[in-house]
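Student: no sequence on this one, just coordinates:
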């Protein structure tokens, strides 16, 4: 298959580059595929006429999105609409990556695909509108994921390693719950879904749940690191924008559709 992957410099695109090697990957730089330009999207898809378009690009700075809503909605929603329209014209499968942030985090149990979306910030709302746009594509695969990380890119895993090396005391939030998900685990599951013609919306995180403190604790212990770190509440680590307190996703639908290639979050961390 010929596959365009947007967001080529991002961490998920890097995992796809490493794990989808039996397919012909086209990973245009932003100078060629600019998601803020309809003409750029149109010309790129018309040029390559891909079998699959994997949209890994997104405006992901949650705090900045609140002050720059126009840009966040342009990249996360309007651009997806343009991509869907072009994919319809070339009979291309659109693969859209979404987020746990479409929920408000007030649930006491894992979210299923049909739960009502209630974003609590601009980033979440823009990604939800991107979901709606993606599903207008005649051929669409939509994966919701969360807490992505790997050994490359800017993420919680690499940030913890960097901070641990600086020798300063670390205070890590212990009252926000989610499912750490490695990019390589998501890439493997996504590849199987594409190759086996899955369609529609699926939750796609590693199984189990923890807190940011629990995740950091597991990272340090597996790597035999001994930084000075302790748990704190969200109120002690204020951020400009509200975030979901509980954003665990239920993967039952995905597991019924086919084999679970993502596994438990602790096993995924062990793999790294």
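Tutor: Yes, it's here. Quantities reported herein were computed from a predicted structural model and do not represent experimental measurements.
Student: use CA for all of it now, contacts and neighbours both
Tutor: Fine.
Student: Could you pull up the contacting residues of the most centrally placed residue in the chain?
Tutor: Centroid-nearest residue in the chain, with Cα atoms, centre = their mean: residue 145, separated by 5.0 Å. Shown in contact with residue 145 (Cα atoms under 8 Å, 6 or more residues apart in numbering): 97, 98, 99, 100, 181, 203, 204, 205, 249.
Student: and if you look at residue 210?
Tutor: Residue 210 touches 177, 178, 179, 180, counting by Cα under 8 Å, 6+ apart.
Student: biggest separation within these, which pair?
Tutor: 177 and 180 (9.6 Å; Cα to Cα).
Student: More neighbours: the two, which one.
Tutor: residue 180 (29 against 20; other Cα atoms under 10 Å).
Student: Surely that one and residue 214 touch.
Tutor: No - between residue 180 and residue 214 there is no contact under Cα atoms under 8 Å: 10.2 Å.
Student: circling back: go through the contacts of residue 210 and flag which are in strands.
Tutor: 177, 178 (DSSP state E).
Student: out of the contacts of residue 210, which one sits closest to residue 73?
Tutor: residue 178 (24.6 Å).
Student: Next, count neighbours for the closest one.
Tutor: Residue 178, neighbours per other Cα under 10 Å, totals 26.
Student: Over to residue 256?
Tutor: Neighbours around residue 256, by other Cα under 10 Å: 9.
Student: Ramachandran coordinates for it?
Tutor: Main-chain torsions, residue 256, degrees, to the nearest 10: phi -70, psi -30.
Student: what's the spacing between it and residue 203?
Tutor: 12 Å (Cα to Cα, to the nearest Å).
Student: ok, now how distant is the nearest residue to residue 118 once chain neighbours are set aside from residue 236?
Tutor: Distances taken as Cα to Cα, 6 or more residues apart in numbering place residue 103 nearest to residue 118, at 4.8 Å, with adjacent residues excluded. Distance, residue 103 to residue 236, using Cα to Cα: 23 Å.
Student: Likewise for residue 256?
Tutor: 40 Å.
Student: For the stretch 1-150 of the chain, just list every one of the helices.
Tutor: 11-19, 38-48, 62-67, 69-73, 79-90, 122-134 (DSSP state H, counting those that start in this stretch).
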